[in-house]
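Novice: quick one, what's the 3D model for this:
(one chain, ligands or ions: 3)
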Amino acid sequence: MNISNLHYITDTTQGLEPLLKAGLNWVQLRVKNRNEKEMYNLADSFVALCEKYKAYSIINDYPKLARRVGADGVHLGKEDMSPAEARALLGKDFIIGGTANTFEDVEGLYEAGVDYVGLGPLRFTETKKNLSPVLGLEGYNEIMQSCQANSIRTPIIAIGGIAVEDLAALYDMGLHGVAVSAAIRKAQNPAAAVKAFLAVNAL
Ligand SMILES: Cc1ncc(COP(=O)(O)OP(=O)(O)O)c(N)n1
Ligand SMILES: Cc1ncsc1CCOP(=O)(O)O
Ligand SMILES: [Mg+2]
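Specialist: Ligands and ions are numbered 1, 2, ... in the order given. This is a model prediction of the structure:
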């Protein structure tokens, strides 16, 4: 499995199909405050839609639900199940991502054997409440240099307020890719926004 350069984060399947048609191949379902039944139904239809377009499906926060609906992976933050427990539950082939805000977080996730790290936020975003301290490009630079110095090669995905204009600087520092919600979801033409992100990745 190749970790994608573009992770799209969504709380709905509405409007997702045109984005998959535009070439999106990795989607994370990130939903807060829904009951178990609603969450199951949403996750189940999300996985079916991703499968139709051969896109990887990742469920945020809920490892057991991810397994139950046949998703490809789960994303876990500091408040969620530990990556080690999730690995024991889900097995070696299940994709497990973890959240980092510092080099120490990245190191811990690398040692825990995650498949990718979501590192951020780059800047303020309204998409997430209780945001960790903003890193800015300078913060990413320091953390990426520490990763290189410590031979940490886990793919690192930048997240939080990412715009297409940020990609060049982030890739220069060694970031593997980006996780994006608002810049696609709130775009006048979300499918065109997906294509703009993918076009930079193809350069
Ligand atoms: C790719 C990626 N990186 C980071 C996060 C944030 O996860 P978490 O810290 O658990 O916060 P919530 O998304 O659950 O609010 C993510 N979802 N994806
Ligand atoms: C889940 C998450 N964690 C940090 S920012 C974020 C949401 C994505 O941010 P944006 O909507 O600004 O792309
Ligand atoms: Mg979480």
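Novice: where does the protein have low pLDDT?
Specialist: 202-203 (pLDDT under 70).
Novice: which stretches in it count as helices?
Specialist: Using DSSP state H, the helices of the chain run over 16-21, 36-52, 63-68, 83-90, 103-112, 136-149, 167-172, 182-185, 190-202.
Novice: okay if I get these as TSV plus mean neighbour count and distance to residue 120?
Specialist: Every C-beta, even on glycine, is put in place using the N, C-alpha and C of the backbone. Output for the helices of the chain, formatted as TSV (neighbours: other C-beta atoms under 10 Å; distance: least, C-beta to C-beta, whole Å):
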stretch	mean neighbour count	distance to residue 120
helix 16-21	16	21
helix 36-52	16	23
helix 63-68	19	21
helix 83-90	17	17
helix 103-112	18	11
helix 136-149	16	9
helix 167-172	16	10
helix 182-185	20	13
helix 190-202	17	16
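Novice: from ligand 2, how far off is residue 135?
Specialist: As judged by C-beta to the nearest ligand atom, to the nearest Å, residue 135 and ligand 2 stand 10 Å apart.
Novice: that residue: neighbour count?
Specialist: 22 (other C-beta atoms under 10 Å).
Novice: give me every residue that touches it.
Specialist: Listed by C-beta atoms under 8 Å, 6 or more residues apart in numbering, the contact set of residue 135 reads 101, 119-122, 143, 160.
Novice: between these, which is closest to ligand 1?
Specialist: Minimum distance to ligand 1 across those is 6.3 Å, recorded for residue 120 (C-beta to the nearest ligand atom).
Novice: how about the residues of the protein by ligand 1?
Specialist: By C-beta under 6 Å from any ligand atom, the part of the chain that sits against ligand 1 consists of 7, 28, 30, 60-61, 75, 77, 80, 97, 99, 118, 128, 157, 159, 179.
Novice: can you do 8 Å?
Specialist: Residues of the chain lying close to ligand 1 (C-beta under 8 Å from any ligand atom) are 7, 9, 28, 30, 32, 58, 60-61, 75-80, 97-99, 116-120, 128-130, 132, 157, 159-160, 179.
Novice: buried subset of those residues, written for PyMOL?
Specialist: Provided next is the PyMOL selection string for whichever of the residues of the chain next to ligand 1 are buried by 16 or more other C-beta atoms under 10 Å:
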select buried, resi 7+9+28+30+58+60+61+75+76+77+80+97+98+99+116+117+118+119+120+128+132+157+159+160+179
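Novice: which ones among the residues of the chain next to ligand 1 come in contact with ligand 2?
Specialist: Answer for these near ligand 2 (C-beta under 8 Å from any ligand atom): 9, 30, 60, 99, 118, 120, 128, 132, 159-160, 179.
Novice: among those, which are located in strands?
Specialist: Secondary structure assignment by DSSP state E places 9, 60, 99, 118, 159, 179 of these in strands.
Novice: so what's residue 76 closest to, chain neighbours aside?
Specialist: Leaving aside its sequence neighbours, residue 76 sits nearest to residue 98 (C-beta to C-beta, 6 or more residues apart in numbering; 5.4 Å).
Novice: cheers, nothing more for now.
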